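**Student:** What would the 3D arrangement of this be:
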Amino acid sequence: MTASVLVTGGTGNIGSHVVPLLARDGRDLRILSRGGGGGDTPGVRHFRGDVMTGDGVATALDGVTVVLHLAGGPKGDDVATRKLVASAAAARVEHIILISVIGAGRMPIGYFRMKDAAEQAVAESGIPWTVLRAAQLHDFVLPFVRGLEKLPLAPAPRGVNFEPVDVESVARRLADLTLAAPAGRVADIAGPEVLSIETLIETYARALEKRRRMLRFSIPGSIGRAYRDSANLASGDVDRAGRTWQQYLDERRSSRD
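**Tutor:** Numbering: from 1, shown residues only. Predicted coordinates:
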């Protein structure tokens with residue numbers, strides 16, 4: 001029997017790219033969101049619910065065999081994930097897939113600790129599982145860099161690097177994992193380059209035909225050490241995919257011309 005798939009956060013940035021890919025497979029596809037609607041992908045059913053409160057989750061899970069958990073935010077992901085996996089276990093879900101972040105469990109920052117706790121909740125749920133850790137998306141890095149570039153002196157902490165990745169590349173990987181058998185912790189996905197904040201800012205400024213003065217400094221304490229030790233970057237098994245930062249900026253500029 002064809003698996004029925006529920007996508008939490010299916011109307012968000014990653015979800016809006018994953019859902020059309022899954023819809024091509026022709027299976028029962030559901031989206032859980034607080035609004036209960038959005039998008040126009042044929043064959044997709046929308047359910048109103050909230051993974052944090054649990055409202056509407058049991059209804060959306062009824063008859064589902066696979067859950068792709070994309071819903072998240074700056075805080076509360078660990079709590080929401082624990083509640084979701086409890087509901088999924090009660091609904092006899094057979095596979096849960098979680099999107100996480102590279103550096104979870106290594107970076108001494110609350111967001112990364114929260115993601116690590118969410119991973120543990122999935123791994124300890126008793127449901128066969130898959131976890132994909134992804135680097136920061138280009139779409140996340142751009143507003144961050146844009147904000148730094150606008151300052152009179154752009155802050156450029158030494159030893160802080162990123163490996164931004166396309167949302168499309170992450171979406172394709174998640175779609176493949178959702179349609180495959182549970183695989184546990186799979187290879188991380190990151191962009192093709194590891195770039196310093198200084199390089200990210202310079203490349204962005206150059207795209208605007210500007211030059212930007214930098215304020216170079218070192219981040220103190222355990223957070224600074226973790227960044228300088230590359231704890232936020234992929235290590236070991238990693239899938240490097242998609243466009244470079246320069247290509248991403250060039251394509252954004254050409255789409256506006």
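**Student:** C-alpha from now on. contacts and neighbour counts both.
**Tutor:** Noted.
**Student:** Tell me the bridge partners for the closest residue in space to residue 128 that isn't next to it in sequence.
**Tutor:** Distance criterion Cα to Cα, 6 or more residues apart in numbering; nearest residue to residue 128, sequence neighbours excluded, is residue 95 at 5.0 Å. With DSSP bridges as the criterion, residue 95 is bridged to residue 66.
**Student:** Residue 95 contacts residue 85, correct?
**Tutor:** No: contact between residue 95 and residue 85 fails when scored by Cα atoms under 8 Å: they sit 10.3 Å apart.
**Student:** the helices in the stretch 1-150 of the chain, which residues?
**Tutor:** 13-23, 57-61, 77-90, 110-123, 138-149 (DSSP state H, counting those that start in this stretch).
**Student:** Any chance you could list what contacts the third one?
**Tutor:** Applying Cα atoms under 8 Å, 6 or more residues apart in numbering, the external contacts of helix 77-90 come out as 51-54, 57-58, 61, 67, 114-115, 117-118, 121-122, 125-127.
**Student:** Save the helices of the stretch 1-150 of the chain as CSV, and put in distance to residue 4 and mean neighbour count too.
**Tutor:** As requested, those are exported to CSV (distance: least, Cα to Cα, whole Å; neighbours: other Cα atoms under 10 Å):
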stretch, distance to residue 4, mean neighbour count
helix 13-23, 11, 20
helix 57-61, 9, 19
helix 77-90, 13, 20
helix 110-123, 19, 20
helix 138-149, 30, 16
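**Student:** Show me the one of those helices that comes nearest residue 221.
**Tutor:** Across the helices of the stretch 1-150 of the chain, residue 221 has its closest neighbour in helix 110-123 (15.0 Å, Cα to Cα).
**Student:** Grab the nearest non-local neighbour of residue 239.
**Tutor:** residue 189 (4.7 Å).
**Student:** Tell me both backbone torsions, phi and psi, for that neighbour.
**Tutor:** With angles defined as degrees, to the nearest 10, residue 189 sits at phi -120, psi 130.
**Student:** for it, what are its contacts?
**Tutor:** With contact taken as Cα under 8 Å, 6+ apart, residue 189 is in contact with 132, 133, 134, 135, 165, 170, 234, 238, 239, 240, 241.
**Student:** Buried ones from those, can you make that a PyMOL selection?
**Tutor:** Entered in PyMOL, the line below selects the buried ones among these, by 16 or more other Cα atoms under 10 Å:
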select buried, resi 132+133+134+135+165+170+234+239+240+241
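**Student:** and which of the contacts of residue 189 is nearest residue 107?
**Tutor:** Closest approach between the contacts of residue 189 and residue 107, by Cα to Cα: residue 234, at 12.1 Å.
**Student:** Report the secondary structure state of the closest one.
**Tutor:** Recorded secondary structure, residue 234: coil (DSSP: H, G, I helix; E, B strand; the rest coil).
**Student:** Skipping its backbone neighbours, what lies nearest it in space?
**Tutor:** Nearest residue to residue 234 in three dimensions, chain neighbours excluded: residue 102, at 6.1 Å (Cα to Cα, 6+ apart).
**Student:** Just give me the neighbour total for residue 223.
**Tutor:** 14 (other Cα atoms under 10 Å).
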